[in-house]
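# sequence unknown, structure follows:
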């Protein structure tokens, strides 16, 4: 009886093709294992194993694609607002921790402080002495003392100016700086060590009075006040307007 011969190469070739197709068509999480039996022939088996790294990479890639961030116009607005807020906070921090005054070099050279106690005491004395005063306040800004006085209605102009000057003189006495002979005000409203101290600006108010509000100024180089009345200012404006009309008619 004739035996049918076949070559091992053919078998191996078929096996190789089959295994190759299996490897190409199998997913990445499939491994090919080889083993030998007792007769020494090589047997190959396809084993399905879980490849955690592959699945994790694919999952992460899908998540990244789903969570892709898209910039919108209001994102930039929020960033700009946040940046401005940080800048403002930084500015406040620098100002609050600055050794010098907030107003910088404009406040340099002041030798004497006009304390709140002296100001409050002056207000009390003047209100007690003059019933015409309805309200009186002080404000100190660097080299400037601001005096704001509100009088009763129809206040007399000259008396209001007198009270304003007496108010400044009362404060001057309470602070107690040296006064030169022949001067009305002390060095507090003049010069100390050749350095100008405080100038005074007053505003006087009264209803039903043509001259009010009245603005007064005393420079540190002078020993007297100069005033600007509302009535005079209105008169000048009226005259300028009349002159303009006359020129237009020509």
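Done, it's in. Please read all numbers here as calculations on a predicted model, not as lab measurements.
# what's the least confident helix or strand in this structure, going by average pLDDT?
Here the helix or strand of the chain ranked lowest by mean pLDDT, DSSP states H and E is strand 42-48, holding a mean of 45.
# Would you mark the buried spots in stretch 191-206?
By neighbour count on 16 or more other Cβ atoms under 10 Å, the buried set for stretch 191-206 is 192, 197-202, 204-206. The C-beta positions use only the backbone N, C-alpha and C, and glycine is treated the same way.
# Single out whichever of the residues you listed has the smallest pLDDT.
In terms of pLDDT, residue 192 ranks lowest among the buried residues of stretch 191-206, with 88.
# In contact with the residue lying closest to that one once chain neighbours are set aside, which residues?
Of all residues beyond its chain neighbours, the one nearest residue 192 is residue 111 (4.3 Å), with distances taken as Cβ to Cβ, 6 or more residues apart in numbering. Residue 111 is in contact with 192-193, 195, 197, counting by Cβ atoms under 8 Å, 6 or more residues apart in numbering.
# Return the closest of these with respect to residue 171.
residue 197 (12.9 Å; Cβ to Cβ).
# ok, that closest one - contacts?
Residues in contact with residue 197 (Cβ under 8 Å, 6+ apart) are 109-112, 143, 187-191, 220.
# longest helix of the chain?
Taking DSSP state H as the criterion, the chain has its longest helix at helix 73-96.
# Show me what counts as buried in it.
Buried-residue list, helix 73-96, by 16+ other Cβ under 10 Å: empty.
# model confidence over that helix, on average?
85.
# can you map out the strands along the protein?
Secondary structure of the chain by DSSP state E: the strands cover 30-36, 42-48, 133-141, 144-151, 191-192, 195-196, 199-205, 214-218, 226-229.
# picking that back up, which among the contacts of residue 197 count as buried?
Applying 16+ other Cβ under 10 Å to the contacts of residue 197 flags 110, 143, 187-190, 220 as buried.
# hmm, back to that, kindly provide the distance from the residue nearest to residue 192 to residue 77.
50 Å (Cβ to Cβ, to the nearest Å).
# can you list the contacts of residue 197 in JSON lines and add pLDDT and distance to residue 130?
JSON lines is the format used below for the contacts of residue 197 (pLDDT from 0 to 100; distance: Cβ to Cβ, whole Å):
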{"residue": "109", "pLDDT": "81", "distance to residue 130": "34"}
{"residue": "110", "pLDDT": "85", "distance to residue 130": "30"}
{"residue": "111", "pLDDT": "87", "distance to residue 130": "31"}
{"residue": "112", "pLDDT": "91", "distance to residue 130": "27"}
{"residue": "143", "pLDDT": "91", "distance to residue 130": "28"}
{"residue": "187", "pLDDT": "93", "distance to residue 130": "27"}
{"residue": "188", "pLDDT": "94", "distance to residue 130": "22"}
{"residue": "189", "pLDDT": "94", "distance to residue 130": "21"}
{"residue": "190", "pLDDT": "91", "distance to residue 130": "26"}
{"residue": "191", "pLDDT": "90", "distance to residue 130": "30"}
{"residue": "220", "pLDDT": "87", "distance to residue 130": "26"}
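# nearest to residue 160, of the residues you listed?
residue 189 (19.7 Å).
# neighbours around residue 175, how many?
By other Cβ atoms under 10 Å, the residues close to residue 175 number 18.
# Isn't it up against residue 187?
No: with contacts defined as Cβ atoms under 8 Å, residue 175 does not count as touching residue 187, sitting 9.8 Å away.
# overlap in contacts of those two?
Counting by Cβ under 8 Å, 6+ apart, the residues touching both residue 175 and residue 187 are residue 112.
# Could you check how far the closest residue to residue 193 other than its chain neighbours is from residue 190?
Using Cβ to Cβ, 6+ apart and skipping the chain neighbours, the partner closest in space to residue 193 is residue 111 (6.7 Å). In this view, residue 111 and residue 190 are 11 Å apart by Cβ to Cβ.
# go on, residue 148?
Separation of residue 148 from residue 190 (Cβ to Cβ) stands at 23 Å.
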